[in-house]
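Participant: everything below, folded, please.
(one chain, ligands or ions: 1)
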Amino acid sequence: MTKIFVVTGSNKGIGYAIVKGLSEKVPNAVIYLTARNPSLGEASLAKIESESMGKQVAEVKFHQLDVTNDESCTRLAEYLKSTHGGLDVLVNNAGISGNYKDLYIPLDPIDKEAEEVLGVNYYGTKRITNALLPLIRPGGRIVNLCSLMGVMDGSGYMAKSGAYGEKYKQKFKSPQISVNDVDKFVEDYIRLTKEEARTGQPKRKQEDFLEGPWAAYSVSKAADIAFTIALSKAVKEKNITVNGCCPGYVATDINNHSGPLTTDQGAETPIYLATELGLPNGNFFSERKVVPWP
Ligand SMILES: NC(=O)c1ccc[n+]([C@@H]2O[C@H](COP(=O)([O-])OP(=O)(O)OC[C@H]3O[C@@H](n4cnc5c(N)ncnc54)[C@H](OP(=O)(O)O)[C@@H]3O)[C@@H](O)[C@H]2O)c1
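Facilitator: You can find the predicted model right below:
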């Protein structure tokens with residue numbers, strides 16, 4: 001049967017390279033390049049076709065998708081159901097970093113940044129996953145683009161200003177971790193940014209969270225890893241594998257092209273998780289290897 005892949009946020013950056021890489025690797029598959037802006041998506045579809053220069057073994061198609069919009073997510077689900085009867089692999093790649101000048105100078109208040117970044121990176125990932133999950137066939141996969149910045153000892157945190165306190169680290173060490181626990185973690189962070197903005201007190205630090213530049217992004221990526229683990233347990237019986245990964249530090253718009261890796265290099269681990277046989281379930285990977293989390 002033809003395998004159907006969907007890659008979110010794939011008009012540019014790592015998502016674009018994932019679509020291109022899959023289209024040159026998985027024979028007879030259909031790969032959906034999705035974008036919130038249809039003209040950017042259509043232009044990227046044309047670019048992939050010209051860049052691949054006959055190397056494509058799969059078909060690439062475009063469909064509009066904004067992961068923050070319920071209607072857009074439902075429209076894609078209905079389209080996939082009526083066109084293909086289901087889906088095999090969802091790659092949750094869409095993401096944003098927040099608004100920064102010179103990478104470290106925040107341009108938005110902390111509460112606005114938290115709502116926006118978590119709105120795309122956590123709630124957006126969850127929204128499109130929930131919309132497409134009923135379509136994913138047995139043997140199917142979900143691959144979530146997370147980040148080493150979501151590792152809770154702070155080792156991957158760009159601002160290098162700290163780790164989480166024990167409260168959340170202990171909670172996420174539990175084998176019983178659920179999506180509700182992840183929701184609560186994200187709600188707590190958003191609430192604390194509001195209180196901190198209102199009172200000027202360091203509420204996040206007092207409650208065991210990160211603070212400083214890129215904190216919202218790091219929290220969103222910790223939430224994406226936790227969601228990966230919680231979801232993998234919830235869908236195991238359906239024979240669906242859920243894994244997350246860090247693509248590496250890749251030069252894209254998200255970091256003003258400061259990373260050392262190319263987008264093709266960044267696409268390697270996500271493509272591995274989307275295609276390799278015999279992978280473990282419910283893990284966070286970097287460079288194709290499992291990284292302990294939290
Ligand atoms: N680059 C790195 O070093 C790095 C490291 C670790 C993890 N990651 C993760 O890798 C993923 C891809 O990042 P990237 O570096 O390739 O960034 P990027 O070049 O900025 O690409 C991000 C993509 O997400 C899309 N997007 C943003 N909001 C969206 C929404 N509401 N609905 C649908 N799509 C949306 C963007 O579309 P528009 O063009 O319309 O904005 C764009 O296509 C992200 O999840 C990121 O957190 C990146």
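Participant: the strand or helix carrying Val19 and the ligand in contact?
Facilitator: Using DSSP states H and E, Val19 sits within helix 13-23. Yes: residues of helix 13-23 contacting the ligand under CB under 6 Å from any ligand atom: Gly13, Ile14, Gly15. Just so you know, the C-beta spots here come from the backbone N, C-alpha and C atoms, and that holds for glycine as well.
Participant: buried residues, that helix. List them.
Facilitator: For helix 13-23, a neighbour-count test (16 or more other CB atoms under 10 Å) marks Gly13, Ile14, Gly15, Tyr16, Ala17, Ile18, Val19, Lys20, Gly21, Leu22, Ser23 as buried.
Participant: got it, and stretch 58-71?
Facilitator: For stretch 58-71, a neighbour-count test (16+ other CB under 10 Å) marks Ala58, Val60, Phe62, His63, Gln64, Leu65, Asp66, Val67, Thr68 as buried.
Participant: do the same with stretch 287-294
Facilitator: For stretch 287-294, burial by neighbour count (16+ other CB under 10 Å) applies to Val291, Trp293, Pro294.
Participant: also stretch 261-278?
Facilitator: Buried, per 16+ other CB under 10 Å, within stretch 261-278: 261, 263, 265-275.
Participant: looking at those, spot the one nearest Met152.
Facilitator: Closest approach between the buried residues of stretch 261-278 and Met152, by CB to CB: Thr269, at 20.2 Å.
Participant: the closest one contacts Val290, correct?
Facilitator: No: in this structure Thr269 lies outside contact range of Val290 using CB atoms under 8 Å: 11.2 Å.
Participant: can stretch 64-77 be found next to the ligand?
Facilitator: Yes: with CB under 6 Å from any ligand atom as the criterion, the ligand is reached by stretch 64-77 at Leu65, Asp66, Val67, Thr68.
Participant: identify the residue nearest the second one in space, chain neighbours excluded?
Facilitator: Translated: Asp66. Arg36 (3.9 Å; CB to CB, 6 or more residues apart in numbering).
Participant: and the one you found, what does it touch?
Facilitator: Counting by CB atoms under 8 Å, 6 or more residues apart in numbering, Arg36 touches Gly9, Gln64, Leu65, Asp66, Val67, Asn69, Ser72, Ala94.
Participant: just give the nearest non-adjacent residue to the third one, would you?
Facilitator: This means Leu65. Nearest non-adjacent residue to Leu65, counting by CB to CB, 6+ apart: Thr34, 3.8 Å away.
Participant: can I take it that the one you found is in a strand?
Facilitator: Yes: counting by DSSP: H, G, I helix; E, B strand; the rest coil, one finds Thr34 located in a strand.
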